[in-house]
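Asker: got a predicted model here, sequence first, then my questions.
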Amino acid sequence: MTKVIIIGGGWAGCAAAISAKKAGGDVTIIEKTDMLLGLGNVGGIMRNNGRYTAAEESIHLGAGELFNICDKVSRHVDIDFPGHNHASLYDVNKIEPLVKKQLEDLGISILTCRRVTDVVKVKNKITKVVLSDKSHIEGDVFIETTGSTGPMGNCLKYGNGCAMCILRCPSYGPRVSITERCGIEDVLGQRNNGSYGAFSGSCKLNKETLSKDLQKELNDKGVVILTVPKEDVNLEKLDLKVCQQYSLKEFAEKIILLDTGHAKLMTPFYPLDKLRKIKGLENVKFEDPYSGGLGNSIRYLSIAPRYNNMKVEGIDNLLCGGEKSGFFVGHTEAIVTGSLAGHNSIRLSLGMPLLELPRNLASGDIIAYANEETKSIEGLKKRFTFAGSIYFNRMKELGLYTIDKEKIKDKIIRLGLLNIYEDKIV
């Protein structure tokens, strides 16, 4: 049985584990912290704009498990907020145990509090990974889904310092780039001014520190919009955001809160004294990152050069998914890329042709389009998400965006890809 080792237990790593297991692999996830899902523990937004299309594509391709869990614990469905329609907001406080149980029920081995620090290679193949305690784990195929956030040095150099975020680098150690350890040069994202990286796009407020009226409105409606005092409007902050789909004028002139279990504040950071000037937020407290009044985590400093089948260039048995595989924003994007990487890990081990999703699917087009764009200097400044900005506009122009489930299913059937991720290959 093919032994698949996945480094990183976020959304992409979990998706890769499921599809690799269903294809017949012996699958192990190695996660450096004590929890799966990483940024998924503070995210919460699904099915907004083109993510609805992509989610349904994945479901009909046979990778529906994680989307079904998100739907099951959604606090609100079909809500609108500036620039976004028909969003679902899953409860970030309930999601991780359910995902972990799903993986365990499938027979996937999960190693938490275990950090990969190096690899052992023979020519262009990885034979094993080295953990921080110097122990080794051998495998046949490896998938890197370590993301692109951290380590602390990046947040110090390119941000406002360690923001004490959900990834907890000071406690569990820094993220290590597996591709870099293999001798592959990573691609770095840039901002419009040429500096590297980008701030994470939102903060979480402790909902109980909002006024009772705001708590009720947020619980009832899922979204609350408040006016920023004129003297505190800062349009320049929009250029800092990784989440370009939220870089709209409304997100500078308004405080937009979403109910994900916490009160999700749609801005990279916001000075606490200014936040408390707003009616209903007089006693507000940051939940994640704890330094959300000063800064946030820095992302997009470790992207792997890869093919559209998610195989990493230059290493014979390494694939990638999630933010490691491109300037992607969001959970849906991580699940889409991770699912393909996991499925192809088994094909790769058997010497079979690797699956490449066709470009008349939004999922296939975003993978290919993002790859093309990273070849240019201007492309290094772009971010790709089904939810808005450059790529959602492209989806609409190409006719790839729809919320018609039957239409999406019919397309998958015509392409001969219905439930392909359910196929046991070995």
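Answerer: Yep, that arrived.
Asker: show me where the stretch 101-250 of the chain has its helices.
Answerer: According to DSSP state H, counting those that start in this stretch, the stretch 101-250 of the chain carries its helices in the segments 152-158, 169-172, 178-181, 212-221, 250-253.
Asker: quick one, which of those helices is packed in tightest?
Answerer: Across the helices of the stretch 101-250 of the chain, the average number of neighbours (mean count of other C-beta atoms under 10 Å) peaks for helix 178-181, which reaches a mean of 21. For glycine as for every other residue, the C-beta is placed from the backbone atoms N, C-alpha and C.
Asker: average pLDDT for that one?
Answerer: Averaged over helix 178-181, pLDDT sits at 98.
Asker: so how far is that helix from its chain's centroid?
Answerer: Chain-centre distance of helix 178-181: 20 Å, with C-alpha atoms, centre = their mean, to the nearest Å.
Asker: any chance you could list what contacts that helix?
Answerer: 7, 116, 118-119, 129, 142, 144, 146, 186, 302, 304-305, 312, 315, 318, 320, 324 (C-beta atoms under 8 Å, 6 or more residues apart in numbering).
Asker: how about a cut-off of 10 Å?
Answerer: Applying C-beta atoms under 10 Å, 6 or more residues apart in numbering, the external contacts of helix 178-181 come out as 7-8, 116-121, 126, 129-130, 142-146, 184-187, 302-306, 312-315, 318, 320, 324.
Asker: out of the helices of the stretch 101-250 of the chain, which comes closest to L355?
Answerer: Distance to L355, taken as C-beta to C-beta, is lowest for helix 178-181 among the helices of the stretch 101-250 of the chain, at 21.4 Å.
Asker: that older thread, any chance of the helices of the stretch 101-250 of the chain in CSV, with distance to Y421 too?
Answerer: Shown next, in CSV, are those (distance: least, C-beta to C-beta, whole Å):
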stretch, distance to Y421
helix 152-158, 34
helix 169-172, 31
helix 178-181, 24
helix 212-221, 36
helix 250-253, 35
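Asker: and this protein, what are its domains?
Answerer: For the chain, the domain assignment from automatic domain parsing gives the residue ranges 3-194+299-422, 198-288.
Asker: in this protein, which helix or strand is least confident?
Answerer: Least confident element among the helices and strands of the chain, by mean pLDDT, DSSP states H and E: helix 250-253 (a mean of 70).
Asker: related to what we said a few turns ago, now, the contacts of helix 178-181 that are in strands?
Answerer: Secondary structure from DSSP state E places 7, 116-121, 126, 129-130, 142-144, 318, 320 of these in strands.
Asker: among the helices of the stretch 101-250 of the chain, which comes closest to G44?
Answerer: helix 212-221 (12.7 Å).
Asker: mean confidence for that closest one?
Answerer: Across helix 212-221, the per-residue pLDDT values average to 98.
Asker: can you check stretch 273-291 too?
Answerer: Over the span of stretch 273-291, the pLDDT mean works out to 96.
Asker: which ones are touching the residue of the chain most remote from its centre?
Answerer: Of all residues in the chain, the one whose C-alpha sits farthest from the chain's mean C-alpha position, using C-alpha atoms, centre = their mean, is E231 at 34.0 Å. Taking C-beta under 10 Å, 6+ apart as the contact definition, E231 lies against 274, 277.
Asker: mind pulling up the pLDDT for it?
Answerer: 79.
Asker: just the one 4 residues further on next, same as before
Answerer: pLDDT, the model's per-residue confidence, is 57 for L235.
Asker: now the one 10 residues further on
Answerer: Note on Q245: pLDDT of 46.
Asker: how far is the longest helix seen in the chain from where the chain is centred?
Answerer: As assigned by DSSP state H, the longest helix anywhere in the chain is helix 331-350. Once both centres are worked out by C-alpha atoms, centre = their mean, helix 331-350 turns out to sit 14 Å from its chain's centre.
Asker: please apply the same query to stretch 32-52.
Answerer: Distance of stretch 32-52 from the chain centroid (C-alpha atoms, centre = their mean) equals 6 Å.
Asker: what comes up buried for it?
Answerer: Applying a neighbour-count criterion of 16 or more other C-beta atoms under 10 Å, one finds 32-33, 35-52 buried in stretch 32-52.
Asker: show the contacting residues for L98.
Answerer: Contacts of L98 (C-beta under 10 Å, 6+ apart): 66, 68-70, 72-73, 90-91.
Asker: now V426. Nearest residue, chain neighbours left out?
Answerer: Spatially, and ignoring its direct neighbours in sequence, V426 is nearest to G24 (3.7 Å; C-beta to C-beta, 6 or more residues apart in numbering).
Asker: test my guess that the one you found contacts M352.
Answerer: No: the pair formed by G24 and M352 falls short of the contact definition of C-beta atoms under 10 Å, at 11.8 Å.
Asker: now do the shared contacts for those two.
Answerer: A shared contact of G24 and M352, defined by C-beta under 10 Å, 6+ apart, is any residue touching both; here these are 346, 425-426.
Asker: which one of the residues you listed has the most neighbours?
Answerer: Counting by other C-beta atoms under 10 Å, I346 has the largest number of neighbours within those, with 26 neighbours.
Asker: quick check: that one vs Y307, distance?
Answerer: Distance from I346 to Y307, counting by C-beta to C-beta, to the nearest Å: 17 Å.
Asker: do L418 as well
Answerer: 24 Å.
Asker: please name the nearest non-neighbouring residue to G107.
Answerer: Counting by C-beta to C-beta, 6+ apart, the residue nearest G107 is K21, at 6.6 Å.
Asker: kindly report the same for L417.
Answerer: Taking C-beta to C-beta, 6+ apart, and ignoring the residues beside it in sequence, L417 has L61 as its nearest neighbour in space, at 5.8 Å.
Asker: check that neighbour and give its pLDDT.
Answerer: According to the model's per-residue confidence, L61 sits at a pLDDT of 98.
Asker: would you agree it is in contact with A362?
Answerer: No: contact status for L61 versus A362: not in contact, 11.7 Å apart, counting by C-beta under 10 Å.
Asker: intersection of neighbour lists for the two?
Answerer: When contacts are counted by C-beta under 10 Å, 6+ apart, L61 and A362 are jointly contacted by V336.
Asker: of those two, which one has the most company?
Answerer: Neighbour comparison, L61 and A362: the larger count goes to A362, with 28 against 25 (by other C-beta under 10 Å).
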